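> sequence first, then the predicted structure, then my questions.
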Amino acid sequence: MEYDSFSDFYDELMKEVGLDYLDLAKYYDGLIHKFGAFAESGISKDAILLDLGCGTGSLSLELAKLGWDVIGIDSSSQMLSKAIIKSTNQRTTFIQQDMCELDLFGTIDAAICALDGLNHLQNLDEIRTVLQKVALFMNAGGIFVFDINTLYKHEVTLDGHTLVIENDNIYCVWQNFYCGDGEIDIVLDIFSTQNTKEGYTRHNSTQNNAADYTQHNSTKNTKEGYTRHNIEITEKAYDLNIIENLCKQTGFEICACYDFMTHTPGNETNEKVVFICKRTNRV
């Protein structure tokens, strides 16, 4: 999915909704240590962690501070540009890749896909492909931790919900519309004071599917001193049993499934769950 049009606002919006990357990094790191080969000995020298869909790199950088050598991949060049600018840690490497086309130059010891990254894939075939790719490059006994939004969140919590975010730099109206079959359309209308020397510019990005933005229109109106960005994103949720079976079919065993940011067993009534999977046999 191309997030270039979202990259200028992503960090600021995540901050406004209360996301703490250090807490998230410690949570993921703790799960890897709990179930992986690092449980007793700690992270070995040069242990490599893959961050799928790393975005602007905030989580990758926090994980590097905890001792990992991190490879962050993302399909958006603009997201990665911001990650590289923020990175002062030589333990991070950022690569532009679609996670479905993952191709690394060596093996990894652990992997994560955070903040419902797998929900952004178009279908179960793409999720299977990502799991196969991670299994292919992961050392035996390695741990893959990913969180995923549930059907309950899409059907009940998000449907019709509108969130308004406002600060000195942006005004954002965040709307959610359930489309059926586990699919939610997320519409972000963002008004920004950035880069408005010539007045009001509207950028409208229409996403025809969950993998590609195919239309970009701009109009100008010099009466206003802000920029408007309209961004549409589609996410899909699935029965958790289906996700579990896909993990098992692609070379992983399920160590645990927790309610997000807890160690309580997860279920279909949670809004987001986290799977902890151990790499078994090469697929």
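Happy to help now that I have it. Because the structure is predicted, anything quoted here is derived from the model rather than measured.
> which one is residue 7 nearest to, not counting chain neighbours?
In space, and not counting its chain neighbours, residue 7 is closest to residue 78: 3.9 Å by CB to CB, 6 or more residues apart in numbering. (C-beta placed from N, C-alpha, C; glycine too.)
> next, that neighbour: secondary structure please.
Residue 78 carries the three-state label helix when classified by DSSP: H, G, I helix; E, B strand; the rest coil.
> which element is the residue nearest to residue 163 when sequence neighbours are not counted on?
If you skip the residues right next to it in sequence, residue 163 has residue 174 as its closest partner in space, 4.1 Å away by CB to CB, 6+ apart. Per DSSP states H and E, residue 174 falls inside strand 170-180.
> residues contacting the following helix or strand past that strand, please?
Going down the chain from strand 170-180, the next helix or strand is strand 183-192, by DSSP H and E. The list of residues contacting strand 183-192 from outside it, by CB atoms under 8 Å, 6 or more residues apart in numbering, reads 6, 8-9, 154, 158-159, 169-179, 226-237.
> which among these end up buried?
The neighbour-count test (16 or more other CB atoms under 10 Å) applied to the contacts of strand 183-192 identifies 6, 8-9, 154, 158, 170-172, 174-176, 178, 226-237 as buried.
> give me the subset of those lying in strands.
When these are checked against strands (DSSP state E), the matches are 170-172, 174-176, 178, 227-236.
> still on that earlier bit, from what I can see the residue nearest to residue 163 touches residue 166, true?
No - if you go by CB atoms under 8 Å, residue 174 and residue 166 don't touch, sitting 11.3 Å apart.
> how much space separates the residue nearest to residue 117 when sequence neighbours are not counted from residue 172?
Leaving out its chain neighbours, the residue that sits closest to residue 117 by CB to CB, 6+ apart is residue 53, at 3.6 Å. Residue 53 is 21 Å from residue 172, where distance means CB to CB, to the nearest Å.
> likewise for residue 56?
Remark: distance between residue 56 and residue 172 (CB to CB) = 17 Å.
> worst-scoring helix or strand of this protein, pLDDT-wise?
Every helix and strand of the chain was ranked by mean pLDDT, DSSP states H and E. The lowest is strand 212-221, at a mean of 35.
> so the residue nearest to residue 7 touches residue 9, yeah?
No - using CB under 8 Å, residue 78 makes no contact with residue 9, being 11.1 Å away.
> so where's the stretch 1-150 of the chain shaky on pLDDT?
Scanning the stretch 1-150 of the chain for pLDDT under 70 picks out the ranges 1-4, 38-45.
> where along it do the strands fall?
For the stretch 1-150 of the chain, the strands defined by DSSP state E, counting those that start in this stretch occupy 48-52, 69-74, 92-96, 108-113, 138-149.
> now those strands in JSON lines, with mean neighbour count and distance to residue 19?
Listed next are the strands of the stretch 1-150 of the chain as JSON lines, based on neighbours: other CB atoms under 10 Å; distance: least, CB to CB, whole Å:
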{"stretch": "strand 48-52", "mean neighbour count": "25", "distance to residue 19": "15"}
{"stretch": "strand 69-74", "mean neighbour count": "25", "distance to residue 19": "17"}
{"stretch": "strand 92-96", "mean neighbour count": "18", "distance to residue 19": "19"}
{"stretch": "strand 108-113", "mean neighbour count": "26", "distance to residue 19": "15"}
{"stretch": "strand 138-149", "mean neighbour count": "22", "distance to residue 19": "12"}
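> any chance of the ones you listed in TSV, with distance to residue 18 too?
Supplementary listing: those in TSV, determined by distance: least, CB to CB, whole Å:
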stretch	distance to residue 18
strand 48-52	21
strand 69-74	23
strand 92-96	24
strand 108-113	20
strand 138-149	16
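> residue nearest the middle of the protein, spatially speaking?
residue 117 (3.4 Å; CA atoms, centre = their mean).
> enumerate every residue touching that residue.
52, 53, 99, 146.
> just give the closest residue to residue 260, not the sequence neighbours.
Distances taken as CB to CB, 6+ apart place residue 272 nearest to residue 260, at 3.9 Å, with adjacent residues excluded.
> for residue 55, list the residues it contacts.
Residue 55 makes contact with 3, 10, 74, 76, 79, 83, 115 under the criterion CB under 8 Å, 6+ apart.
> before we move on, what about residue 89?
Residue 89 neighbours (CB under 8 Å, 6+ apart): 61, 64, 65.
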